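>>> Here is a sequence with its predicted model. Questions after.
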Amino acid sequence: MKTYPFYSALAHLKDFFDLTIEDDEFENLGMHAWDKIGNKQTAVYHYTGKIVNGQMDLPCNADIIEMVTAGTEDWQKTDNIKTENYNRSEIENYIESRRGTENILYSRGGMPKFTQSDGSMIFQDKTLASARIIYRGVLLDDDGLPYLNSKEKEAIATYCAWLTTFKKGMATQNPATIQIAQMLEQRWYKVCENARTPELLNQNDINDILNVRSSWNRKRYGVSFKLFQ
């Protein structure tokens, strides 16, 4: 999929709507529109960090947390015979050691309970020494702004055109300008919805979707369930 620098939406605004706005205003409106669209071109990262007093700092580019794991695999500690049956732990970790190809969104270990606060993760279990994180970081252009695809570029330009025209109409109390702004608003809703639809679902994407739908994996009580195995 071809991507474009964020400021390509500003050129689109000029080319298709014959409107020019200041860079600061464009970045403000454009990022607002990008957030409303909800798409994010990201790369997947794996990070292992130390936990100090139950807290671990997140990488600065961490935007979406996919999975957090720590220690060995979860295991059901109690049964009708023993309070702590370590045979179950050995079984779970043996199964994990024999696993073949792993998905990029998969990580070994149990899933600890945590909360996020100000760029840090706070873990409920204070005995943990480290944790592994799989996260997505937004891909940024040379200006430190997100890359766009063609549909996002059109949607952001339309959003800027709508609000710029609406503000002008409100300032001048010109009914014709306000009416044009209303037309642009309806166009924005359409192109925004269109931008949320992937440009292409290739056969690998469809295969992954069908694998999830037909998976035999089932959640077991007390054992972490990992979607991408």
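That came through fine.
>>> Could you use CA atoms for every contact and neighbour count after this?
OK.
>>> how about the strands of the protein, start to end?
Counting by DSSP state E, the chain has strands at residues 42-50, 55-57, 64-69, 114-117, 120-123, 130-138.
>>> What residues are bridge-paired with the closest residue to H46 other than its chain neighbours?
Leaving aside its chain neighbours, H46 sits nearest to I134 (4.7 Å; criterion: C-alpha to C-alpha, 6 or more residues apart in numbering). Note on I134: beta-bridge partners by DSSP bridges are H46, M67.
>>> report the longest helix in this protein, please.
Criterion DSSP state H: the longest helix present in the chain is helix 150-172.
>>> any idea of the mean pLDDT in that helix?
In this model, helix 150-172 has a mean pLDDT of 97.
>>> For the worst-scoring helix or strand of the chain on mean pLDDT, name the packing helices and strands.
Within the chain, no helix or strand scores below helix 86-97, which has a mean of 72 by mean pLDDT, DSSP states H and E. Here helix 86-97 touches no other helix or strand, going by 3 or more C-alpha pairs under 8 Å, 6 or more residues apart in numbering; DSSP states H and E.
>>> Could you tell me how far it lies from the centre of the chain?
32 Å (C-alpha atoms, centre = their mean, to the nearest Å).
>>> Alpha carbons of it, in CSV - could you do that?
This file holds the C-alpha atoms of helix 86-97, laid out as CSV (Å, rounded to 0.1, in the frame of the first residue of the first chain):
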residue,chain,number,x,y,z
TYR,A,86,3.6,-28.4,40.1
ASN,A,87,3.0,-31.2,37.5
ARG,A,88,0.6,-28.9,35.8
SER,A,89,3.2,-26.1,35.5
GLU,A,90,5.6,-28.6,33.9
ILE,A,91,3.0,-29.6,31.4
GLU,A,92,2.1,-26.1,30.4
ASN,A,93,5.7,-25.1,30.0
TYR,A,94,6.5,-28.2,28.0
ILE,A,95,3.7,-27.5,25.6
GLU,A,96,5.0,-24.0,25.2
SER,A,97,8.5,-25.2,24.5
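>>> can you pull the contacts of P146?
5-6, 40-41, 138-140 (C-alpha atoms under 8 Å, 6 or more residues apart in numbering).
>>> how many neighbours does the closest residue to A33 other than its chain neighbours have?
Of all residues not flanking A33 in the chain, I156 sits nearest, at 5.6 Å (C-alpha to C-alpha, 6+ apart). Neighbour count of I156, defined by other C-alpha atoms under 10 Å: 31.
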